[in-house]
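Participant: sharing a sequence plus its predicted fold:
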Amino acid sequence: MKERSRFSLAGKVALLVGAHVAVTAGVAAVVAWRFPDPLAVLAAALGAGTLLALLVVRRSLASARRTLTALTDGVRSFRDTDFSMRLHAERRDELGELVSLYNEMGDALRAERHDIYQRELLLDTVLQGAPVGIILEDRNGRVVYGNRAARDLIGAKARLEGRPLRDVLEGCRPELREALAAPADALFTVGGEGEEETYRTARRVFHLNMQPNVLHLVERLTPELRRQEVEVWKRAIRVMSHELNNSLAPIRSLSHSARQAAGRPEHAELLEGILATIEERATHLASFLEGYARFARLPHPRPQPVEWRGFLEALHGMNPFQLGGAPPSEPGWFDPVQMQQVLINLLKNAQESGSPPGEIGVSVHRTAQGESVVQVWDRGRGMEPSVMKRALLPFHSSTKQAGSGVGLALCKEIVEAHGGRIRLENRLGGGLVVTCWLPAGPAGPRADAEGAPRSSELSDAPARYDG
């Protein structure tokens, strides 16, 4: 379409001024011809100019005023995020161009808003169908977003948005509530109907609209762990087969050599070395199989009242550590031999994590329900998410060169055999904290019980154990 010629506002004003001057001059000339009095000429010229200005300028600016009023209303609609208003003005000046730009901007904003809505709808559809529980918490502790998986995990029947996260978590399992309150990623197990479920929580802080928000992710690992169990057992069989062959092959060869030496008196002095090598290989093989046999013959725990101070003194004599606070005066209720093995394994892992010895600690607290909460922490390498997922699997691929992958799994078996639970959690600033909950004894909870601290509340410089 052919573009119409443009007549600017400056041109219109110049035309009006020129017409006004011409009319005023014409009136003045006519009056001067009839009445030579200068005052009469001046009065006639001013009167004619004023009348012309009132008639022409008012009529000429009315259209511009209407256009500016419409533009003002349109900008207000933009402020209210309404981009549907369009303006119609048949003008060939700067105001006409401004109206066209307004309409183009409105079309662009409307199209962009539609695209954003479609993307948000797609994203919400994906997140609602995701198997991972997703909860977005704003700086005031209120839930901004929660998907279907999060509602199912929490057991909420209504929408989560707009409610304080603390209130939302009131009705869920205490294990999940404690893990979501942790300041870092955590791995925990809860008992289900006839079987247990394993979950991993992740916590990420980011800024949205210049405000800090916290994204909580809850991932159910049970199906993945079950798929990995087959691979785990295959690996265990391969490792056992490899170790058995490495020991039985030389034993078979040395037995043949010993038989040959026994028939020749001149080689009798070789028998001592051959038998010593056979004994060394047999001892190594027995030690190797011992670690894998623990799961098959782990006895049922025999809980009894145990004074925490004496128990920790004996443990400190075998593996030095820092004590985080005074232990409870009330005795715990557990099998001391098995729980000592748990803490020895955890302290050994802490020592092998690269943590400074002064940053390895143990603390014991009691909850309001009378549970004993034992925590072992360090300032080592911590755990990558991929490693944490498999940490409680027996025979998993250990990150330690000489590790068999049974330590943490054995700890989990012992703690759960007591009726307790275990949780792994990375510490802010580096390191790992392992928390074990042990049930209350036959006496039940005590009114003066203490609560267990989070990993973020652990003392950075715990008191040295003084016996």
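Facilitator: Alright, I've got the coordinates.

Participant: please count neighbours and contacts with C-alpha atoms only from this point.
Facilitator: Fine.

Participant: so who does Ala350 touch?
Facilitator: Going by C-alpha atoms under 8 Å, 6 or more residues apart in numbering, Ala350 touches 360, 377-378, 380.

Participant: typo on my end, it should be Asn426
Facilitator: Residues near Asn426 by C-alpha under 8 Å, 6+ apart: 184-186, 382-383, 432-433.

Participant: could you export those as CSV, including pLDDT and distance to Glu104?
Facilitator: Formatted as CSV, the contacts of Asn426 follow (pLDDT from 0 to 100; distance: C-alpha to C-alpha, whole Å):
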residue, pLDDT, distance to Glu104
Ala184, 81, 48
Asp185, 84, 49
Ala186, 85, 52
Gly382, 88, 55
Met383, 87, 54
Leu432, 93, 57
Val433, 94, 59
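
Participant: in strands, which of those residues appear?
Facilitator: Secondary structure from DSSP state E places 186, 432-433 of those in strands.

Participant: looking at these, which is nearest Asn140?
Facilitator: Checking the ones in strands among the contacts of Asn426 against Asn140 with C-alpha to C-alpha, the nearest one is Ala186 at 23.1 Å.

Participant: contacts only, for that closest one.
Facilitator: Residues in contact with Ala186 (C-alpha under 8 Å, 6+ apart) are 179, 200-202, 423-426.

Participant: go through the helix or strand hosting Glu120 and flag the buried ones.
Facilitator: Glu120 belongs to helix 94-129 when assigned by DSSP states H and E. Within helix 94-129, the residues scored as buried using 16 or more other C-alpha atoms under 10 Å are 95-96, 99-100, 102-103, 106-107, 109-110, 127-128.

Participant: and for stretch 344-354?
Facilitator: Neighbour-count burial for stretch 344-354, counted by 16+ other C-alpha under 10 Å, picks out 344-347, 349-351, 353.

Participant: quick check: closest non-adjacent residue to the most centrally placed residue in the chain.
Facilitator: The residue lying closest to the centre of the chain (C-alpha atoms, centre = their mean) is Arg203, at 2.4 Å. Once flanking residues are discounted, Arg203 sits nearest to His216: 4.9 Å by C-alpha to C-alpha, 6 or more residues apart in numbering.

Participant: what are the ranges of the strands in the stretch 51-200 of the chain?
Facilitator: 133-137, 143-146, 186-191, 196-208 (DSSP state E, counting those that start in this stretch).

Participant: could you tell me the least trusted of these?
Facilitator: Among those, strand 186-191 has the lowest mean pLDDT, at a mean of 80.

Participant: looking at the strands of the stretch 51-200 of the chain, which is nearest to Asp335?
Facilitator: Nearest of the strands of the stretch 51-200 of the chain (C-alpha to C-alpha): strand 186-191, 21.1 Å.

Participant: quick one, helices of this protein?
Facilitator: 9-34, 38-79, 94-129, 148-154, 165-168, 174-181, 222-262, 270-293, 308-318, 336-352, 385-390, 407-417 (DSSP state H).

Participant: and the gap between Leu254 and Glu272?
Facilitator: Distance, Leu254 to Glu272, using C-alpha to C-alpha, to the nearest Å: 11 Å.

Participant: do the same with Arg281
Facilitator: When Arg281 is compared with Glu272 (using C-alpha to C-alpha), they lie 14 Å apart.

Participant: with Leu248 instead?
Facilitator: 19 Å.

Participant: again, but for Leu408
Facilitator: 40 Å.

Participant: more neighbours, the two?
Facilitator: In terms of neighbours (other C-alpha atoms under 10 Å), Leu408 is the more surrounded of Leu408 and Glu272; the figures are 22 against 10.

Participant: give the contact list for the more buried one.
Facilitator: 345-346, 391-394.

Participant: swap in 7 Å and give it another go.
Facilitator: Contacts for Leu408 were tallied using C-alpha atoms under 7 Å, 6 or more residues apart in numbering; they are 391-392.

Participant: that one and Arg390, how far apart?
Facilitator: For Leu408, the distance to Arg390 equals 10 Å [C-alpha to C-alpha].

Participant: next: Asp335.
Facilitator: 27 Å.

Participant: the two: which has the busier surroundings?
Facilitator: Neighbours were tallied for Asp335 and for Arg390 using other C-alpha under 10 Å; the higher tally belongs to Arg390 (22 against 18).

Participant: skip the chain neighbours and tell me the closest residue to His300.
Facilitator: Counting by C-alpha to C-alpha, 6+ apart, His300 lies nearest to Ala417, which is 7.0 Å off, once chain neighbours are set aside.
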